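Peer 1: Got a predicted structure here, sequence first:
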Amino acid sequence: MRVLTAAEIRGLESCAVESGVSMETLMENAGAEVAAAVTEKMDVTGKKTVILCGKGNNGGDGFVAARLLAAEGAKVTVVLMQGAPASDLAKQAYDKMGRGIEIIMYRTAGGAVDAADVIIDAVFGFSFHGRLPSVMEPLLARAAENKKAFHISVDIPSGAVCDTGAVEGACFKADLTVTFTAMKPAGVVYPAAGFGGMTVVRQVGIKEEHLEMLPCDTESVLLGNICPLFPKRDPEGHKGTYGRLLMICGSVGMAGACIMAARAALRSGVGLLNIAIPHALYPILAPAVPEAIFTLYDPTEAPGEAVLDAIDKASACLVGCGLGTAPYAAKLVDAVLENAHGTVVLDADALNILAKTPEKLLVPQAPVIITPHPGEMCRLNGRTMAELRADRLQTARVFAQTYRVITVLKGAGTIIAAPSGETRVNTTGNPGMAKGGSGDVLAGITGALCAQNMQPFEAAYSAVCIHGAAGDLCAEALSQHGMLPTDLIEKLPQVFLQIEGK
Ligand SMILES: NC(=O)C1=CN([C@@H]2O[C@H](COP(=O)(O)OP(=O)(O)OC[C@H]3O[C@@H](n4cnc5c(N)ncnc54)[C@H](O)[C@@H]3O)[C@@H](O)[C@H]2O)[C@H](O)CC1
Ligand SMILES: [K+]
């Protein structure tokens, strides 16, 4: 699904106005969609409906919803969170509310919020920036404490910033967000996405052709979106048809990371898997991954002929899972950056090794995908965690463009940014996946898709989506608490069954 910024939505609004659709109509339709979302959920007759309204047009949408819900028989209380409406449009909507709707100020609204059956958040929309004014915090906290109420946000949960998905202070916690015209970053990018509940996009009068004509480089990703990227396997195909992945992963003490990445790669369709490991790991790896072949190296020596030959022959290289950061590991990373022909996937310790010299990422002739978690991202770009959380989208984009690498910034709503500016936001997965080893599984899937010659950007976001889909199947079957990263690997066949359309 396409994801548009506030500026893009404003541009579309102007087009709509030029083509004869008035702003009043857009607001009327927006308010009507909010009211419809409530009436679809319940019979509103006599239901205590509290609508928190800001002074801008988001508040205006709230006034329209107030009028329409009152007409349906709801007992509506409008709470003015910033005093009287400020925009002409919101003023008009306010004046049209008429009698029969209680209007109170936020200071006296606690009791109404506690008793509400429905709480509608129309405080701030896409023009919000910074932090929610602290005077509003107590009322939002009371709204959250009223667990029996249906909480619904208009366009964006108030407290979240539209274009970054940042939440610096308090934020309204919604069960449902009705957003207008198109999905916005705050609907899919965390932390904001964690406040909006389910987000539905509703049309309010902007013409489809205007919407379609707008170029858009950001999309959210669901499993259904990636299925067309997986052609049927060739009936005459052989193991060579499906690529040769070289993994340089694992070290004494961290064999498990290598095993998980390897098994995930094998369960993702790769034809041949070659694992380069120190001699000492062979007795552990050989029985754990019987399908693989092995290139053994001596960690006390510089990368030798066998490793260089394996790099040369690989259609993709995955480096870093459990590799450690010893000097020999750094030399292996250099060898891959300097010699790889196929896509290079760098994870975990490969990224820790490169943290002091990220400019080395510019060395390879081949495309590079990096898969940092937020800590690794901060080590690579020298920024703080707070800066990262303030704009995860831009963090990934800037790094991708600066170092010409596909950047997979992991976490809830993983961001996948290409050097071209193309960006994807993943929508599969759940907190049950937040366990050591989950990243190794993702790295293995990514490496396998690259080795099979998928375009690197498509491989990167497909891998993230598949990984999350496997996580969702695990959570359903095993619970978020009980599921393990190794379970993700076992669920991959079920995800590929869906991709293959069975
Ligand atoms: N086509 C559409 O999508 C339509 C959307 N509509 C709704 O309009 C809002 C956007 O309205 P706008 O008046 O531009 O601003 P807001 O209501 O988001 O904000 C109001 C006001 O608050 C100020 N502000 C920003 N940050 C802060 C802060 N931290 N503290 C205090 N005040 C702040 C800001 O400057 C504004 O002046 C959109 O989301 C939709 O809900 C229309 O209905 C038309 C169709
Ligand atoms: K809102």
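Peer 2: Cool, the structure landed. This structure is a prediction, so every number in the text was calculated from the model and none was measured. Ligands and ions are numbered 1, 2, ... in the order given.

Peer 1: How about the residues of the protein by ligand 1?
Peer 2: Applying Cβ under 6 Å from any ligand atom, we find that the chain lies next to ligand 1 at 9, 13, 23, 26-27, 30, 54-61, 87, 124-131, 133, 154-155, 180-181, 204. Placement of C-beta: from N, CA and C, glycine included.

Peer 1: if I pick the nearest residue to Lys239 once chain neighbours are set aside, what's in contact with it?
Peer 2: The shortest distance from Lys239 to any non-neighbouring residue, by Cβ to Cβ, 6 or more residues apart in numbering, is to Gly271 (4.0 Å). Counting by Cβ atoms under 8 Å, 6 or more residues apart in numbering, Gly271 touches 238-244, 451-452.

Peer 1: So for the chain, which residue is the most central one in space?
Peer 2: With distances taken as Cα atoms, centre = their mean, Gly413 lies nearest the centre of the chain, 2.1 Å away.

Peer 1: So what does the closest residue to Met483 other than its chain neighbours have for phi and psi?
Peer 2: Closest residue in space to Met483, ignoring its immediate chain neighbours: Cys474 at 3.9 Å, by Cβ to Cβ, 6+ apart. Here is the backbone geometry of Cys474 (degrees, to the nearest 10): phi -60, psi -40.

Peer 1: do Glu301 as well
Peer 2: In this entry, Glu301 is assigned phi and psi values of phi -120, psi 160 (degrees, to the nearest 10).

Peer 1: Find the closest residue to ligand 1 in the stretch 301-450 of the chain.
Peer 2: Ala390 (13.9 Å; Cβ to the nearest ligand atom).

Peer 1: and the gap between that residue and ligand 2?
Peer 2: Distance check for Ala390 against ligand 2: by Cβ to the ion, to the nearest Å, it reads 20 Å.

Peer 1: Quick check: that residue touching Thr164?
Peer 2: Yes. Assessed by Cβ atoms under 8 Å, Ala390 is found in contact with Thr164 at 6.6 Å.

Peer 1: who's more crowded, these two?
Peer 2: Thr164 (21 against 17; other Cβ atoms under 10 Å).

Peer 1: Next, Thr218: phi, psi?
Peer 2: Backbone phi and psi, for Thr218 under degrees, to the nearest 10, turn out to be phi -120, psi 130.

Peer 1: what are the bridge partners for it, then?
Peer 2: Thr423 (DSSP bridges).

Peer 1: right, and it touches Arg2 too?
Peer 2: Yes. Applying Cβ under 8 Å as the test, Thr218 and Arg2 come out as touching, 7.3 Å apart.

Peer 1: okay, now the domains of this structure?
Peer 2: For the chain, automatic domain parsing gives the domain ranges 6-216, 239-499.

Peer 1: between those, which one is nearest to Leu229?
Peer 2: Comparison of the domains of the chain against Leu229 by Cβ to Cβ identifies domain 239-499 as nearest, at 5.2 Å.

Peer 1: That closest one spans what distance, first to last residue?
Peer 2: For domain 239-499, the first-to-last residue distance is 20 Å (Cα to Cα, to the nearest Å).

Peer 1: again, but for stretch 97-116
Peer 2: End-to-end distance (Cα to Cα), stretch 97-116: 20 Å.

Peer 1: any idea of the mean pLDDT in it?
Peer 2: Across stretch 97-116, pLDDT averages out at 94.

Peer 1: Repeat that for stretch 69-77.
Peer 2: Rounded mean pLDDT across stretch 69-77 is 97.

Peer 1: Could you tell me which residues within it count as buried?
Peer 2: 69-70, 72, 74-77 (16 or more other Cβ atoms under 10 Å).

Peer 1: Also stretch 230-248?
Peer 2: In stretch 230-248, counting by 16+ other Cβ under 10 Å, buried: 230, 242-248.

Peer 1: And for stretch 45-58?
Peer 2: 47-58.

Peer 1: Could you list every helix and strand in contact with the lowest-mean-pLDDT helix or strand in the chain?
Peer 2: When each helix and strand of the chain is scored by mean pLDDT, DSSP states H and E, helix 208-213 comes last, with a mean of 85. If contacts are counted by 3 or more Cβ pairs under 8 Å, 6 or more residues apart in numbering; DSSP states H and E, helix 208-213 sits against helix 6-18.

Peer 1: roughly how far out does the helix it packs on sit from the chain middle?
Peer 2: Distance of helix 6-18 from its chain centroid, counting by Cα atoms, centre = their mean, to the nearest Å, is 26 Å.

Peer 1: Same check on stretch 374-386?
Peer 2: Per Cα atoms, centre = their mean, the centroid offset for stretch 374-386 relative to its chain is 18 Å.

Peer 1: Check the stretch 401-502 of the chain for the residue nearest ligand 2 and tell me.
Peer 2: Gly413 (19.4 Å; Cβ to the ion).

Peer 1: hmm, back to that, now do the residue nearest to Lys239 against Phe150, distance only.
Peer 2: 52 Å (Cβ to Cβ, to the nearest Å).

Peer 1: rewinding a little: give me the pLDDT value at the residue nearest to Lys239.
Peer 2: pLDDT at Gly271 comes out at 95.

Peer 1: Excluding covalently adjacent residues, which one is nearest to the residue of the stretch 301-450 of the chain closest to ligand 1?
Peer 2: Using Cβ to Cβ, 6+ apart and skipping residues adjacent in sequence, the residue nearest Ala390 is Ala166, 4.9 Å away.

Peer 1: count of residues packed around the one you found?
Peer 2: 25.

Peer 1: Then Glu219?
Peer 2: 17.

Peer 1: what's the distance between it and Val38?
Peer 2: Relative to Val38, and taking Cβ to Cβ, Glu219 is found at 29 Å.

Peer 1: What of Ala264?
Peer 2: 44 Å.

Peer 1: Just the buried residues of stretch 45-58: which are in strands?
Peer 2: Members of these lying in strands (criterion: DSSP state E): 48-53.

Peer 1: Between the residues you listed, which sits nearest Asn381?
Peer 2: Leu52 (37.7 Å).

Peer 1: what's the strand or helix carrying Leu308 packed up against?
Peer 2: Taking DSSP states H and E as the definition, one finds Leu308 inside helix 305-313. Judged by 3+ Cβ pairs under 8 Å, 6+ apart, helix 305-313 is in contact with strand 244-248, strand 272-278, strand 293-297, helix 327-339.

Peer 1: for the ones you listed, which one ends up most surrounded?
Peer 2: Ranked by average neighbour count under the criterion mean count of other Cβ atoms under 10 Å, these are headed by strand 244-248 at a mean of 29.

Peer 1: and the angle for the helix or strand just after it with strand 244-248?
Peer 2: Where DSSP H and E defines the elements, the next helix or strand beyond strand 244-248 is helix 255-266. Relative orientation of helix 255-266 and strand 244-248, computed by axes from the mean of the first three to the mean of the last three Cα atoms, to 10 degrees: 170 degrees.

Peer 1: average pLDDT across helix 255-266?
Peer 2: Mean predicted lDDT for helix 255-266 stands at 98.

Peer 1: So which residues make contact with it?
Peer 2: Residues contacting helix 255-266 (Cβ under 8 Å, 6+ apart): 245, 247, 249-250, 273, 275, 277, 281, 284-285, 288-289, 291-292, 318, 321-322, 347-348, 437, 440-445, 447-448, 451, 485-486, 488-489, 492.

Peer 1: List the buried residues for it?
Peer 2: 255-266.

Peer 1: for stretch 185-204, same thing?
Peer 2: Quick answer for stretch 185-204 (16+ other Cβ under 10 Å): 185-197, 199, 201-202, 204.

Peer 1: now swap in stretch 9-20 and tell me
Peer 2: Across stretch 9-20, burial judged by 16+ other Cβ under 10 Å covers 9, 12-13, 15-16.
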